[in-house]
Every structure is written in C-alpha cells, then in structure tokens.
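S.K.: predicted model and sequence follow; I will ask about them next.
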Amino acid sequence: MSTPIVVQQLTKRFGSFEAVSDVSFTAPGGAITALLGPSGSGKSTVLRMIAGLENPTEGHIWLGDVELTPKSVQERRVGFVFQHYALFRHMTVADNVAFGLEVRKQPKAERQARVDELLELVQLSHFAKRYPDQLSGGQRQRVALARALAPRPEVLLLDEPFGALDAKVRQDLRRWLDELHTELGVTSLLVTHDQEEALELANQIVVMHEGNVEQVGTPTQIYDEPATPFVAGFVGSANVLHGHVQGGQVHLGGLRVDGASHLTEGEPATAYVRPHDVHVSVDSEGGEAKATVMRRTMLGWLSQLTLHLTNGETIVAHVPNEDIEGVKEGDTVWVDLRNPKAFARHADVEPQLVTGLTGSGRT
Amino acid sequence: MSAFPQTAKPAKTIDRPGTGRRRLVRGAIVSACFLYVGVLLLLPLVGIVWTATKSGLSTIVATFQMPDVQHAFFLTGVITVITLIVTTFFGVLTSWVLVRQHFIGKSLLNALVDLPFALSPVTVGLAAVILFGLGGWLEPFFSSRGIQILFAVPSMVLVTIFICIPFTIREVVPVLEEIGKDEEDAAHTLGASILQTWRRVTLPNIRWGLLYGVALTTARSIGEIGAVLIVSGLIKGKTETATLFIFTAIEERQSTEAYIVALTLAAVSIILLVAIETARHRIEGRKEGT
C-alpha cells in the first residue's frame, strides 16, 4: 500500500541562481530514502518542492501514479517534519497533534482517539497538556513527528530532523525513528548532511552536490562504489592521491595503485583510498611502500596514523591497535593501499590531502 | 563560609573601596534617571490630577454633563474606533507583506511606514487642506457629490489614521520576523488553508504585539491635536474632539473643565496600557505554571 515518490527532471531557479538542476530519482514505497549532501546542495529545496512549499521552475513530482506538481500544499497530504520542530507554540502538545485532524473536520471522538494513539506511539502521553517550550528538543521533535503522522500521510518528509539536537539525543532518536519506520512502513524521505545518519537509517541514498544528483544507490553501493570523486570524498573519509594513469594503474611517484584500467593512459588521475584500506605492517613483507609515522592518535580500538611516504605524500591510516603494537611516532612502517577508487582528474579538483576525516568520527 | 572565616575576610576588605565607589556611581545614575522620569513625566501628571480633582466631585459631574464635553468624547471615540479598525487591518496586512513577501520597492514601503513619525502633525493637517480644501486637488470630486471632507469628521479621521499608521506595523513586524515562517508552513502541510493558518497560527502568535500596537494607536488617536486642529475648523458641538475641547476651553478660561477632560484622556491611555501588561502577565504566567 506504500506509494513511491518519483521526481522527474526537477529544476528550481531563484533569479539567475539554479538551486536545483535537473534532479531525478525514485524513493521506493515503504522505504527510507536519504537526500544527502553538504549545505547549499539543494536537498532541502527538493524536499520543499515535493511538499508543495516551493514551486518547481521545471519538472514533475509523482506520488505513485498521481501527479503532485499541480496540487497545492494542502491537497498533497504529506507529513513534514522541520529541523526546528515548528510546533505551534501557543497550543498544547495534544492540540498540536490534533491540528491536522481538526482542519480536516474529523469528528471529535475520532480525533481524540487518534491523538491518544499517536502520543502513545511517540511515548509522550503524559505530556499532552504541556506547551512546546516546556519540552526538551528531543521531545519536541517527537511531538512534531506525531503531528505530521496524525492525518495518515502517504509520505513522510523529514528536513534535517535531528540537526538541532545534541549528539546523544540524536543517536537515540535516530534508532527510535528506525524502529518506528519499521512499524509504520510509510514512504519516507530524509534530508541530511550527516553521512553517518544517512548510512544508518536509509535503504537508499541520493547524494546531491551543487543542485545535481551525484549518485543514487544503497548505502553499500554509495560507500563501496562511489560513482564520482565527490561521492568518494563526501561519504566516508578518504586519502586523496594525485598521479598519472600508466598501465591500468595510478602512479603516485614511487607508489602505485590499481583500479585505473577504465581511464585513459597518460592522463592525470586521482585515487581515493579509505583510511581503513591503508594496510600498515611493521615488517617489510606486509607492504610495498615505506613510510614514517608522523603522528599516532588513539581512536578507541583502533589508532589513526599520519604517515609520511617516501615520495613526499602524507596519508592517514586507521589501523587496529593489535596490528601496530609498540609503533610510535618516528618509526618506519610498511604500507599497502587497498581498494582504491580512481577517477580522471579534472582541473577543478583541489589537490587536497584527506577529505571528510572529521566525518569518520562523530559528526 | 563559616568553615573558612580567615580566607573570607581579607577578600571582603579588598573588595570594599571599589564596591563603595561603584555603588555611589550607580546610585547617582539611578537617581538621575528617577529625577528625569519623575520630574518630566510624573510631576505634570500629578499637577493635572491635583487641579482636576480639587474643584470637587460636583464640578466633575457637572463637566461630564455638559453637552459639548459629551459630544467631544463621543467624537474622539468615533475617530478612535474607525482609526483602530483601519490601522489594525491594514497594519497587520502590511506587516505580513513586509516580512513574508519579497518584491521590488520593499525597502521604500518600509521607509514610508515611518513617515508619520518624522512629519509634524501640523504638516499632515496642512497636506489635508491642500488636498481637500477649496481648490484642492481632490476637492471638486467630493464637493460635486455633496460630500464635505475638510472641516468635517472625514478629514479628522483621515489625518488621525495617517498619524497612527506606524504603531501597529512597528509592533507586529519584529514579532513576525522572530517567529519565522516554519509554523505557517507546518500548518499548510497539515492541510490548513491560508485563512485557517492565519486565524489559528499566525494571529495567536502575534497577538501581544498586535495588542500593544492597538494600545499605542488608541493612546495616540485620543491624544491627537495638531493635525486635527488644522482640518477640523473648530466647530463647537460638531467637529470638536476631546483634545480640541481642552484647547478651546483653556482659551476661554474654563480651565477646570479642561483639566478634568485632560485627566480623563490620560487615565484611559494609562489604564489601557496597564490592563494589557497585566493580562499578558497573567496569561503567560498561567501557561508557565501548568
């Protein structure tokens, strides 16, 4: 019964600025799809256009086989959850949840039953008579979710729903939303800039960058088979290594990595290697290149090593502590770069050493 | 503190000279403020209360029974009610347009709203004379239809509205800006029409700002004299508002009546402001309490 959302060639221009350019994707029925991208990538604008809060300049939006594009916000019957909750501040929690039922003229008894049911679902039954400013951020967002779900929307749209919450609450709420979604099975579209959130919650991820779709795929596809250099750099962290294509490999001055057979011989290329794909060994058997440990940082069960290669490049490795027992700053180790993703290098790619390293920890 | 008497004491003595001087300076500043507000605001008010009430209750009752006084209050009431209706409706509409809409000329409209603050009411009155006076731009249109604007109630209402335009807008705009657009968007996604959203979400959110605007507009409207004086023509029992009554009464040495009417006007304004402040505290307080 869950309906998919289909977005076709959606474009939005504000004056001469194109916020969203020719975006197409399908959010499968009953699944969570994440729109992932940095701020300014146009993901929120796409979501607002689906809700009808923004009019597309071009393109079409479908809900199953019903076209939404000509319909007003009110007719679309979508549930929308805002980053800053957007609860009606002068109404109680119960009145907030009842609002969508009241404006649709539902009989009072039915309304009351539905409000009780939803407050039960978001575990806030005791707070029915409170006002939004008497609740914590996490509680407010649960009220907002209950309010959005009350009129039984066909799709649920969430705009950075955990963005204003602190790390611990965000974790809890994320897990709770996952369970809730499994229970309800409503088609959901989640806008986020947090790759960890997208990887954990979504069945499908749409990566956006500067108004364009970079890649659509499952979390595994996005992480393991990035389609563009942007995706390789944005989702998960990666060492960015610049070199040239030679014999199906990227040559990085003394070091070479595989996976460049699809690129033109002799052209400049960039290889992306995840920190955990940098294999580090204390004996020369374990790797093909020599490196000096510049810095060792403890990350729990693994360590982050900043390594200086003999060719002058600096790379970052994440290595289980048991593999590098006793290794300290200044020591020589052997490295092996595994699972590289090679892309032809365009002039606009900045020669950057590592991307998204903060993202590998707690964002 | 009792556990460490030795350490607490020296800290106190070191602090004392600085604190003493600071307290003196602060005391001087606070007294200056009290003197400023007290002398300039309270003293004249006390003077009016004193003069108006010393003549005794019978004089006060007699004053309120004078037909001219009754008509003056009635006219002030009529002008104020019409002004309130117009400035509230258009004030809220203009505020909403200024905050939520983007259009060319927005900053011009924003600046125009403040114009009545900058202009002397006398200038406003003269402008009305230029428009509606004999040979004025709009005069032929109205006089050919037998409608008297100048030296009649319509022009008095018009100038009062003009002068009161900024109050509601300047109170409502910051509130609208602060609450943002999200709640209105949320109401729309929940199926509420534009009108429903207005009534159930926007209006309750701006109600205190709007009430303050209404209070200020009322106070300004009942106290207006400059522009009204010029356009009214001062026809006794016809175009004489409460403030104009005070003006002419003083000219004619009926100063007791003038003071009694003045006190009434001041009382209405003050009661209005205090009532709104009290209501706000009580309602917001009740919400906090639950």
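M.R.: Nice, I can see it.
S.K.: which residues does the residue nearest the centre of chain B contact?
M.R.: Centroid check for chain B by C-alpha atoms, centre = their mean gives B:Leu216 as the closest residue, at 1.9 Å. With contacts defined as C-beta atoms under 8 Å, 6 or more residues apart in numbering or on different chains, the neighbours of B:Leu216 are B:167-168, B:171. Where C-beta positions appear, they are placed from N, C-alpha and C, glycine not excepted.
S.K.: so which of these comes closest to chain A?
M.R.: If you rank those by distance to chain A using C-beta to the nearest C-beta, B:Glu171 comes first, at 17.6 Å.
S.K.: for that closest one, which non-adjacent residue is spatially closest?
M.R.: Nearest non-adjacent residue to B:Glu171, counting by C-beta to C-beta, 6 or more residues apart in numbering or on different chains: B:Gly213, 3.8 Å away.
S.K.: where does that neighbour land on pLDDT?
M.R.: What the model reports for B:Gly213 is a pLDDT of 93.
S.K.: start and end of stretch A:180-195, how far apart?
M.R.: Distance across stretch A:180-195, first residue to last, is 21 Å (C-alpha to C-alpha, to the nearest Å).
S.K.: what comes up buried for it?
M.R.: A:180-181, A:186-195 (16 or more other C-beta atoms under 10 Å in any protein chain shown).
S.K.: how about stretch A:44-61?
M.R.: A:44-54, A:56, A:59, A:61.
S.K.: JSON lines for those residues, including distance to A:Gln246?
M.R.: Output for those, formatted as JSON lines (distance: C-beta to C-beta, whole Å):
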{"residue": "A:Ser44", "distance to A:Gln246": "43"}
{"residue": "A:Thr45", "distance to A:Gln246": "43"}
{"residue": "A:Val46", "distance to A:Gln246": "41"}
{"residue": "A:Leu47", "distance to A:Gln246": "45"}
{"residue": "A:Arg48", "distance to A:Gln246": "48"}
{"residue": "A:Met49", "distance to A:Gln246": "46"}
{"residue": "A:Ile50", "distance to A:Gln246": "47"}
{"residue": "A:Ala51", "distance to A:Gln246": "51"}
{"residue": "A:Gly52", "distance to A:Gln246": "53"}
{"residue": "A:Leu53", "distance to A:Gln246": "52"}
{"residue": "A:Glu54", "distance to A:Gln246": "49"}
{"residue": "A:Pro56", "distance to A:Gln246": "46"}
{"residue": "A:Gly59", "distance to A:Gln246": "43"}
{"residue": "A:Ile61", "distance to A:Gln246": "47"}
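S.K.: among the residues you listed, which are in helices?
M.R.: A:44-51 (DSSP state H).
S.K.: the helix ranked longest in chain A packs against which elements?
M.R.: As assigned by DSSP H, the longest helix anywhere in chain A is helix A:167-184. When contacts are defined as 3 or more C-beta pairs under 8 Å, 6 or more residues apart in numbering or on different chains; DSSP states H and E, helix A:167-184 packs onto helix A:137-149, helix A:195-201.
S.K.: which secondary structure state is assigned to the residue nearest to the centre of chain B?
M.R.: helix (DSSP: H, G, I helix; E, B strand; the rest coil).
S.K.: quick check: mean pLDDT of the longest helix of chain A?
M.R.: Averaging pLDDT along helix A:167-184 gives 91.
S.K.: may I see the buried residues of it?
M.R.: A:169-171, A:173-174, A:177, A:180-181.
S.K.: return the closest of these with respect to B:Leu234.
M.R.: B:Leu234 has its nearest neighbour among these in A:Val169, at 69.0 Å by C-beta to C-beta.
S.K.: now do the same contact list for that closest one.
M.R.: Here A:Val169 is in contact with A:136-138, A:162 (C-beta under 8 Å, 6+ apart).
S.K.: circling back: turn the contacts of B:Leu216 into CSV, including neighbour count and secondary structure.
M.R.: Shown next, in CSV, are the contacts of B:Leu216 (neighbours: other C-beta atoms under 10 Å in any protein chain shown; DSSP: H, G, I helix; E, B strand; the rest coil):
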residue, neighbour count, secondary structure
B:Phe167, 24, helix
B:Thr168, 28, helix
B:Glu171, 22, helix
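S.K.: any chance of those in CSV, with pLDDT too?
M.R.: What follows is those, written out as CSV (pLDDT from 0 to 100):
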residue, pLDDT
B:Phe167, 95
B:Thr168, 95
B:Glu171, 94
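S.K.: ok, back up a step: which of the contacts of A:Val169 are buried, as a ChimeraX select command?
M.R.: Of the contacts of A:Val169, the buried ones go into a single ChimeraX selection, burial set by 16+ other C-beta under 10 Å:
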select /A:137,138,162
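S.K.: which of the contacts of A:Val169 sits closest to chain B?
M.R.: For those, the nearest to chain B is A:Gly137 (14.8 Å; C-beta to the nearest C-beta).
S.K.: ok, the closest one touching A:Gly163?
M.R.: No. A:Gly137 is beyond contact range of A:Gly163, at 10.4 Å (criterion: C-beta atoms under 8 Å).
S.K.: partners of A:Ile5 in the sheet?
M.R.: In this entry, A:Ile5 is beta-bridged to A:Ala27, A:Leu63, by DSSP bridges.
S.K.: next up, the contacts around it.
M.R.: A:Ile5 neighbours (C-beta under 8 Å, 6+ apart): A:26-27, A:33, A:50, A:61-63, A:155, A:187, A:189.
S.K.: can you tell me how far it sits from chain B?
M.R.: 15 Å (C-beta to the nearest C-beta, to the nearest Å).
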